[in-house]
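> got a structure for you, letters missing:
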């Protein structure tokens with residue numbers, strides 16, 4: 001087998017960061033989970049902070065051993081693609097990465113890679129926070145002209161949420177319609193759900209077994225915090241989320257090629273892929289690259305993330321304009337002062353204000369966003385006014401999505417699920 005540095009991504013050597021290879025940085029983070037720093041808790045199932053501003057992402061980068069997306073990386077991205085970066089990257093909402101430089105090098109060399117992201121279906125509808133990784137994934141697919149695989153981890157939700165298998169599969173299809181409504185190209189996009197795909201494609205289960213052979217029970221306990229009373233399905237599941245990062249899981253798309261993979265995801269999913277990056281070279285595959293997003297705050301504040309299991313914490317894609325307005329006006333945590341007089345004198349705090357955070361994600365006009373931030377900070381703009389702007393920004397996005405989703409039939413969705421070759425650039 002070639003040495004690890006030679007197979008990271010088709011011959012691209014591991015980056016050296018602060019005098020240490022990324023492998024060395026990840027080794028220190030490979031068996032950590034739970035409390036991130038101080039009172040922040042970040043793992044694939046729980047995100048909480050005691051700080052009104054939410055998780056300290058600078059500390060989380062250090063703890064997880066990832067790399068910050070800095071101005072230099074953004075400049076290289078724009079130079080290679082010939083396009084400005086997405087506003088979610090420019091504003092630091094996608095803030096951390098692993099091996100993104102290697103993906104850009106592949107682009108420079110005229111070589112291909114593929115995108116992999118996913119969704120764990122726990123409700124019949126996505127909320128607006130779920131759109132964020134799919135927005136950036138679609139933009140990356142359009143920018144690089146590469147294939148995309150989207151995993152629906154309905155098996156995970158059966159194990160963690162005590163759902164019936166049939167209900168999880170159904171929720172997955174409903175979530176897939178929400179995803180398809182964003183405009184993904186069916187010729188470049190394959191959607192699959194674990195509970196059905198594994199029986200149709202032996203290569204996936206075979207890769208799961210290969211991965212499971214490489215990870216000990218002590219390692220999986222250390223990475224994910226599993227205990228002796230956890231069901232065995234949970235202990236085995238991480239390999240199912242890791243397998244799509246190996247291109248041989250999809251022989252009908254990639255044949256025998258060992259193609260590099262880029263995974264856009266929220267940073268709470270990083271433990272799965274730290275494990276994957278450790279295993280992949282041992283199986284002769286390049287390490288997957290990652291692009292990490294911050295957490296989309298619950299309406300009640302950034303101490304927790306928006307959740308599909310709490311109707312009042314989230315704006316759902318099925319909500320009416322009236323429901324959106326009522327939820328934001330009633331529940332969106334304010335960074336304003338107690339009285340209008342105090343607010344006019346001292347100004348508000350946009351960093352903790354959920355309405356402003358909604359604008360950071362969804363208002364694409366940079367100049368307008370900065371105008372709002374300055375006016376709110378100076379007290380020239382009141383909490384009610386910033387909530388009104390958030391409602392006006394979010395409502396058309398939800399309405400447009402609802403209109404697009406109505407056009408997605410079961411027959412159209414089946415085409416995305418169909419096992420077939422994909423058509424893409426190089």
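In hand now; what should we look at? Quick caveat: nothing in here was measured; it's all calculated off a predicted structure. Residues are numbered from 1 along each chain as shown.
> straight-line length of stretch 246-265, end to end?
Its first and final residues considered, stretch 246-265 spans 17 Å by Cα to Cα, to the nearest Å.
> sort out which residues of it are buried, please.
Neighbour-count burial for stretch 246-265 flags 246-250, 253-254, 258-265 (criterion: 16 or more other Cβ atoms under 10 Å). Placement of C-beta: from N, CA and C, glycine included.
> which of those residues sits closest to residue 88?
residue 264 (9.7 Å; Cβ to Cβ).
> domains in the chain, as residue ranges please.
Using automatic domain parsing, the domain parsing of the chain gives 4-299, 308-406.
> tell me the contacts of residue 401?
131, 178, 181, 182, 317 (Cβ atoms under 8 Å, 6 or more residues apart in numbering).
> skipping its backbone neighbours, what lies nearest residue 378 in space?
Spatial nearest neighbour of residue 378, chain neighbours left out: residue 347 (5.1 Å); criterion: Cβ to Cβ, 6 or more residues apart in numbering.
> quick check, that neighbour in contact with residue 382.
No - with contacts counted by Cβ atoms under 8 Å, residue 347 stays clear of residue 382, the gap being 10.6 Å.
> what ranges does the stretch 151-300 of the chain have for its helices?
154-161, 165-180, 194-200, 202-214, 217-224, 232-236, 238-242, 251-254, 270-279 (DSSP state H, counting those that start in this stretch).
> wait, what's in contact with residue 397?
So, once contact is read as Cβ under 8 Å, 6+ apart, residue 397 ends up touching 128, 362.
> quick check: it vs residue 317, distance?
9 Å (Cβ to Cβ, to the nearest Å).
> spit out the residues that contact these two alike.
residue 128.
> what's the mean pLDDT across the helix or strand harbouring residue 394?
If you go by DSSP states H and E, residue 394 is part of helix 383-406. If you average the pLDDT over helix 383-406, you get 97.
> what's the answer for stretch 83-90, then?
96.
> do stretch 339-350 as well
On average, stretch 339-350 scores 95.
> what are the contacting residues of that stretch?
334-337, 356, 372-373, 376-383, 386.
> kindly report the same for stretch 160-177.
So stretch 160-177 is in contact with 45, 119, 121-126, 150, 152, 154-155, 157-158, 191, 193, 195-196, 234, 405, 408, 410, 413, 416-417, going by Cβ under 8 Å, 6+ apart.
> can you check stretch 372-391 too?
With Cβ under 8 Å, 6+ apart, stretch 372-391 has contacts from 324-325, 328-329, 332, 334-337, 340, 343-350, 353, 355-356, 358-359, 363.
> swap the cut-off to 7 Å and go again
324-325, 328-329, 332, 334, 336, 340, 343-348, 350, 353, 355-356, 358-359 (Cβ atoms under 7 Å, 6 or more residues apart in numbering).
> strands - which of the buried residues of stretch 246-265 land there?
If you go by DSSP state E, these have 260, 261, 262, 263, 264, 265 in strands.
> state the number of residues packed around the closest residue to residue 343 other than its chain neighbours.
Residue nearest to residue 343 in three dimensions, not counting chain neighbours: residue 337, with 3.9 Å by Cβ to Cβ, 6+ apart. Residue 337: 18 surrounding residues under other Cβ atoms under 10 Å.
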